[in-house]
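Chemist: Just the structure for this:
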Amino acid sequence: MKFQYIRPYHKHSSKNIKAFGAFDALGALFARFRSFVRFCARNITPFTPLIFLAKKSQKKRALAYVLFLSLFVLIPIALHAKEMLNTTSLIDTLKSSEITNAKIISTQESGINGFWFVIVQKDNFQIPFFASSDGKTLMILSQEALITKNTTLKNTLESTTKKVQEFNEKAREDAVIAIFQKYPNSVLRLEGKAKSDSKKSITYLVLDTNCPYCKQELQKIDSYLASGDLHILIAGALSLESTKKAATFYTKLDEQKTQESKISYLKKAFESSYKPSNNINADKAMNIAQELGGAGLQGVPYIIKR
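Modeler: Below you'll find the model as predicted:
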């Protein structure tokens, strides 16, 4: 028999009638909610936490239903977790190769089961790796070292290496410019010919007096100055003689007061007759060369346009 609410029959005031009506509505709402919860507990798994309001037989049925479905949900998740990248092991592998204080910037599935694309940053530079899921095997990424017909893998490899190259080039340029700023008395500055300061750019040149390609850059001075200012740092990068010539160049740099004398002095330093001074102190020149190498400079002439 269906349970019903029955009101005793006797005279009521209008207020009492309204109160009984509200009580009836509340009771009906609770009954509907209870029926809905029982239905959800019996038929819809996500609502099984509400089975505490259901009947005992319904609770058992719902619990068995959840356990059955978990076999198809939890087990695949556990199996997939085995293929996730072990970043802790990866960092340990890097440390064993003396790559310390490195941090993982990004990880991306390579499309090959068990391998990931990983970008690791050491100091201000990034290194792209092809890493196994267990983090115990790493190989530096190189487009030339990988031959594949997998278009997705190839495109991901290209985009990853390009991203790293752009980051490293920007970091290298910033580090080299910081050296220009650290040794202002060793930098030869030439003022550009552009009339508006807003249109001026700055070209930074790192040159070695014993480098034939650096000497060729001297022929482009006018074109550089047409677009903006030119800052030149003579570095002893190629040999001990280069270091001594750079040190000698610094000693008389302050004596050049005009643009013409600065250019003339610069060209003179690249002549074969230019010799380093006897007993020159080359400590600063050696420091500059070492810091340029630490900044990632691998050759001269090195050109930055900002």
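
Chemist: and residue 241, which of the three is it?
Modeler: When classified by DSSP: H, G, I helix; E, B strand; the rest coil, residue 241 comes out as helix.

Chemist: Pull the contacting residues for it.
Modeler: Taking CB atoms under 8 Å, 6 or more residues apart in numbering, we find residue 241 in contact with 210, 276. For every residue, glycine as well, the C-beta is placed using N, CA and C.

Chemist: where's it relative to residue 209, distance?
Modeler: Residue 241 sits 9 Å away from residue 209, taking CB to CB, to the nearest Å as the criterion.

Chemist: same thing with residue 142?
Modeler: 35 Å.

Chemist: Which one's more surrounded, these two?
Modeler: Neighbour totals were compared for residue 142 and residue 209, and residue 209 leads with 25 against 11 (other CB atoms under 10 Å).

Chemist: The more buried one reaches residue 247, doesn't it?
Modeler: No. Look at residue 209 against residue 247 with CB atoms under 8 Å: they stay out of range, at 11.1 Å.

Chemist: any residues in contact with both of residue 241 and residue 209?
Modeler: In contact with both residue 241 and residue 209: no residue, using CB under 8 Å, 6+ apart.

Chemist: just checking, next helix/strand downstream of the helix or strand of the chain with the lowest mean pLDDT?
Modeler: Sorted by mean pLDDT, DSSP states H and E, the helices and strands of the chain end with helix 56-81, the least confident at a mean of 57. Per DSSP states H and E, the first helix or strand lying C-terminal to helix 56-81 is helix 87-96.

Chemist: how about the residue nearest to the spatial centre of the chain, secondary structure?
Modeler: Residue closest to the average C-alpha location in the chain (CA atoms, centre = their mean): residue 105, at 5.0 Å. Classification of residue 105 by three-state DSSP places it in strand.

Chemist: how about it, what does it touch?
Modeler: By CB under 8 Å, 6+ apart, the contact set of residue 105 is 119-121, 126.

Chemist: Okay, it and residue 173: tell me how far apart.
Modeler: Counting by CB to CB - residue 105 and residue 173 are separated by 19 Å.

Chemist: now swap in residue 96 and tell me
Modeler: Distance of residue 96 to residue 173, given as CB to CB: 32 Å.

Chemist: which one of these two has more residues nearby?
Modeler: Using other CB under 10 Å as the criterion, residue 96 and residue 173 rank with residue 173 on top: 18 against 9.
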